[in-house]
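J.: take this sequence and fold it.
(one chain, ligands or ions: 1)
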Amino acid sequence: MSNFRRGVLLKPISALNLLAALAAPMITAVRAQETPPYRNPRLGVEQRVDDLLARMTLEEKVDMVSGGGWMESKPNARLGIPAIKMADGPVGVRNWYGPSAITMKANSPLPVITSTAFPAGVALGATWDPELLREVGKAIGDEARALGRDMMLGPGVNIVRAPLAGRNFEMYGEDPYLSSRLVVPYIQGMQSEGIIATVKHFAANNQEYERQTIDAKIDERALREIYLPAFRAAVQEAGVWAVMSAYNKVNGHWCAENSWLLTDVLKKEWGFKGLVVSDWKGTHSTAETANAGLDLEMPGAESIRRYDEARVPQSPGDVGSRGAMQTPEKLLPLVRAGEVKEAAIDDKVRRLLRVMFANGLFDHSKPGGGEVDTPAQRALARKAAGEGIVLLKNAGGVLPLLPGKIRSIAVAGPNAAVARTGGGGSSSVKTKSAISPLDAVRERAGSAIQVSYAESLPEAAELAAKADVALVFAGDSAEVEREGRDRESMDLPAGQDELIAAVTKANPHTIVVLNVGAPVAMPWVEQAPAVVNAWFPGEEGGHAIADVLFGDVNPSGKLPVTFPRKLEDSASWGHYPGKDGVVEYAEGIYVGYRHFDKKNIEPLFCFGHGLSYTRFEYSDLQVSPREVTLKVRNIGPRDGAEVVQLYVRQVAPSADQPVKELKAFRRVELRRGEAFPISFALDQGALAYYDTAKKAWVAEPGTYEVLVGASSRDIRVRGSFELAK
Ligand code: BGC
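T.: Numbers count the residues shown, from 1 in each chain. Next up, the predicted model:
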């Protein structure tokens, strides 16, 4: 055919063929009319965006920048623009038909959606295993695809600043480097499934108390070094397609209309090409928000009206957010009046279309299928939960439980017979099934070990006194640790400390297993020989706990947050939760272990802490300005994994600097007796701090000490290098 068009007839053709050939240019012209370039999947994304944008009226463009439903953007029937279908995020696919307060109700009138519940963010943070995070992100992406969603509202990377903050369980902990290394593979895994990931909440949503009104006052250095790096990594390293603005204000401006955050830093400085979506009802103005760089307001105005009626205030001062500020009725007159430039609208629509074209929303070209709740997904949930479990204490080697030696186990506690899969709020996932620790312990114990159970005080102590070992399952629930509300204290819920003390007194071989997503006080810690933190471990948490208790999995989780002895020791003490609507981040960069190091305070359990059933020896450290090498050997009785942590300390800084900072880590699995050479590349950029006067990252020449160990306070080998000018 093409030969004919060029006028070169190479072969004799039949009359019929000739007719067809003559008709071809005409048909092509008609098709070209029928199939505009933006519909052609063979063309580049930008070309398709340009073409479609040029076909849209101003009214159509404005119509796109506010939501359609509770979890859908607005479609455009004339041009065939589909809605972006969203779902929370970030531990599995949550019901998208409405807010969690309704979808999680036992008698919810909304359709039921189930998916696999993976461990909470903090549990994933405790794995220190980037490749595992990639698998989890990919598995959730796979389920989202199977359920027909395009965009997941997660992961969350707000830094754990205050121990009581209600959503600490959703995040990866207190350290920006650890959070960055984990969020990148999670996003890459999810987006490799053709699902748009949304990193949230940008920025400084570090407490739930007054989250919808609070103004977080943070100096630029703390923002740059502590609160923003994980977002930056998500944008620049993972290529995340969506960023969700936070509810709160940062330095006087609502995050949804904070042009410094959204335009100057995110879009201009970091080169973000995707879309900024508001948190649900987190907008407060029309022109300011549109001009500051928000691209999509969610949810749609109609669903706000519907669900506001069902809304229950979550904490004192919770006045609810606004939303419905970017509706065509409000925005269009401002564009016509020139208060919002059409170019600003074009930029938003361009971003929305770019994300949609790049992720196959127009072409239905997502890889087919996708599956929910498969044996492989459940196995991954179990593996992830097991890797995240932290063995905090194990005096006298009371763990693991050895079936040959133990004949009876007494189980107690409010968290024994229920599966505490996750914390409360928008991350809550409804699962088809979830196993409780009690059922999993019974299953693993089999008939050789007698398992007795009493939930609480005095029956539990009586059973404990008669058993070889006692297990107390304590901790929080999704009611205690939840979105929308901070905890009131670091204490376990009423009665639990007393229960643990009584059982510990009755049986010296008592193991306390906690489900907490944030630090808790442990007044009984000296008496309890073993303490295990299982966090909120997802639907396979019961199995994972039994795996660790019986030694089928050798624990390797490490704390991604410091556990203080008391609240008064924590970094934000005295400047949390704020006063008169303002919370001053007066501790600056001294968050988490940086604070405990600087003030020389002994925590209950330090950042990076976590024990194993085996032992590791560190040796042969060699340090140069570019590379650190060492050897780690498993010298204990079992195969196991170690998270080797590298901290750097500037010896004589001219500026105010933390005592040490995490700059690299590696999780290595070592068989008994096995040694492994580890090498860390030292990126000199990683030594830089943010100089606010120069408005630049600066690495000072001088001596730097390299500290490598099993936790932030269990440093095994050290060396130093000179950074030349
Ligand atoms: C939460 C977000 C969530 C959104 C949609 C908000 O209240 O802060 O994290 O993605 O609701 O459910």
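J.: now for the closest residue to the ligand within the stretch 601-725 of the chain: which residues touch it?
T.: In the stretch 601-725 of the chain, the residue that lies nearest the ligand is residue 607 (25.2 Å; CB to the nearest ligand atom). For every residue, glycine as well, the C-beta is placed using N, CA and C. By CB atoms under 8 Å, 6 or more residues apart in numbering, the contact list for residue 607 reads 173-175, 559-562, 592-593, 596, 662, 711-712.
J.: and the helices in the stretch 351-500 of the chain?
T.: Here the stretch 351-500 of the chain has its helices, by DSSP state H, counting those that start in this stretch, at 375-388, 437-445, 459-466, 496-506.
J.: of these, which is nearest the ligand?
T.: Across the helices of the stretch 351-500 of the chain, the ligand has its closest neighbour in helix 375-388 (20.8 Å, CB to the nearest ligand atom).
J.: average pLDDT for that closest one?
T.: The pLDDT scores in helix 375-388 average 98.
J.: shaky segments in this structure?
T.: Within the chain, the stretches falling below the threshold (pLDDT under 70) are 1-33, 309-321, 365-368.
J.: what residues does it put near the ligand?
T.: Residues of the chain found near the ligand (CB under 6 Å from any ligand atom) are 88-89, 153, 200, 279-280, 426.
J.: who touches stretch 461-474?
T.: Among residues not part of stretch 461-474, those counted as contacts by CB under 8 Å, 6+ apart are 398, 401, 405-416, 437-438, 441, 450, 452-454, 460, 492, 496, 499-500, 502-507, 509-515, 549.
J.: CA atoms only for that stretch, dumped as PDB, please.
T.: Taking only C-alpha atoms (Å, rounded to 0.1, in the frame of the first residue of the first chain), the coordinates of stretch 461-474 have been written out as PDB:
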ATOM      1  CA  ALA A 461      -2.200 -15.000  86.600                       C
ATOM      2  CA  GLU A 462      -3.500 -18.400  87.900                       C
ATOM      3  CA  LEU A 463      -3.100 -20.000  84.500                       C
ATOM      4  CA  ALA A 464       0.400 -18.400  84.200                       C
ATOM      5  CA  ALA A 465       1.500 -19.800  87.500                       C
ATOM      6  CA  LYS A 466       0.800 -23.300  86.300                       C
ATOM      7  CA  ALA A 467       2.400 -23.000  82.900                       C
ATOM      8  CA  ASP A 468       6.000 -23.400  81.700                       C
ATOM      9  CA  VAL A 469       5.800 -20.000  80.000                       C
ATOM     10  CA  ALA A 470       3.300 -17.200  79.900                       C
ATOM     11  CA  LEU A 471       2.500 -15.000  76.900                       C
ATOM     12  CA  VAL A 472       0.800 -11.600  77.400                       C
ATOM     13  CA  PHE A 473      -0.600 -10.000  74.300                       C
ATOM     14  CA  ALA A 474      -1.000  -6.300  75.100                       C
END
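J.: quick one: buried residues of it?
T.: Within stretch 461-474, the residues that count as buried by 16 or more other CB atoms under 10 Å are 461, 463-464, 467, 469-474.
J.: dump the residue contacts of residue 496.
T.: By CB under 8 Å, 6+ apart, the neighbours of residue 496 are 413-414, 474-475.
J.: residue ranges of the helices in the stretch 201-350 of the chain, please?
T.: 220-222, 229-236, 259, 287-292, 301-308, 328-336, 342-358.
J.: give me phi/psi at residue 661?
T.: phi -140, psi 140 (degrees, to the nearest 10).
J.: repeat for the one 10 residues further on
T.: Taking degrees, to the nearest 10, you get phi -70, psi 160 for the backbone angles of residue 671.
J.: quick check: residue 675 vs residue 664, distance?
T.: Spatial separation of residue 675 from residue 664 under the definition CB to CB, to the nearest Å is 19 Å.
J.: my bad, should have said residue 331
T.: Distance of residue 331 to residue 664, given as CB to CB: 47 Å.
J.: cool, residue 135 as well?
T.: From residue 135 over to residue 664 (counting by CB to CB), the distance is 22 Å.
J.: what do you get for residue 166?
T.: The separation that residue 166 has from residue 664, given CB to CB, amounts to 31 Å.
J.: what sits closest to the residue of the stretch 501-650 of the chain found nearest the ligand if chain neighbours are left out?
T.: Nearest residue of the stretch 501-650 of the chain to the ligand: residue 517, at 15.0 Å (CB to the nearest ligand atom). Once flanking residues are discounted, residue 517 sits nearest to residue 169: 2.3 Å by CB to CB, 6 or more residues apart in numbering.
J.: can I assume that neighbour is in contact with residue 534?
T.: No - in this structure residue 169 lies outside contact range of residue 534 using CB atoms under 8 Å: 12.0 Å.
J.: domain ranges for the protein?
T.: Residue ranges for each domain of the chain read 4-34, 42-358, 375-599, 616-723, as given by automatic domain parsing.
J.: circling back to that earlier point, need the helices of the stretch 201-350 of the chain in JSON lines with mean neighbour count, can you?
T.: JSON lines is the format used below for the helices of the stretch 201-350 of the chain (neighbours: other CB atoms under 10 Å):
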{"stretch": "helix 220-222", "mean neighbour count": "17"}
{"stretch": "helix 229-236", "mean neighbour count": "23"}
{"stretch": "helix 259", "mean neighbour count": "16"}
{"stretch": "helix 287-292", "mean neighbour count": "22"}
{"stretch": "helix 301-308", "mean neighbour count": "16"}
{"stretch": "helix 328-336", "mean neighbour count": "16"}
{"stretch": "helix 342-358", "mean neighbour count": "20"}
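J.: among the contacts of residue 607, which are in helices?
T.: 593, 596 (DSSP state H).
J.: ok, of the contacts of residue 607, which one's closest to residue 627?
T.: Using CB to CB, residue 662 is the member of the contacts of residue 607 that sits closest to residue 627, with 17.4 Å.
J.: helix or strand: which one has residue 617?
T.: Per DSSP states H and E, residue 617 falls inside strand 616-623.
J.: list the neighbouring strands of that strand plus their orientation.
T.: strand 627-634 (antiparallel) (DSSP bridges).
J.: now the element after the partner strand, going C-ward?
T.: Downstream of strand 627-634, the first helix or strand assigned by DSSP H and E is strand 640-650.
J.: angle of that next one against helix 375-388?
T.: Compare the direction of strand 640-650 with that of helix 375-388 by axes from the mean of the first three to the mean of the last three CA atoms, to 10 degrees and you get 50 degrees.
J.: send the alpha carbons of strand 640-650 over as PDB?
T.: In PDB, the C-alpha atoms belonging to strand 640-650 read as follows (Å, rounded to 0.1, in the frame of the first residue of the first chain):
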ATOM      1  CA  GLY A 640      19.700 -15.000  61.000                       C
ATOM      2  CA  ALA A 641      19.700 -11.500  59.500                       C
ATOM      3  CA  GLU A 642      21.400  -8.400  60.700                       C
ATOM      4  CA  VAL A 643      20.800  -4.800  59.900                       C
ATOM      5  CA  VAL A 644      24.200  -3.200  59.700                       C
ATOM      6  CA  GLN A 645      23.800   0.500  60.400                       C
ATOM      7  CA  LEU A 646      26.300   3.200  59.500                       C
ATOM      8  CA  TYR A 647      26.300   6.600  61.200                       C
ATOM      9  CA  VAL A 648      28.500   9.600  60.500                       C
ATOM     10  CA  ARG A 649      29.700  12.200  63.000                       C
ATOM     11  CA  GLN A 650      31.400  15.400  62.100                       C
END
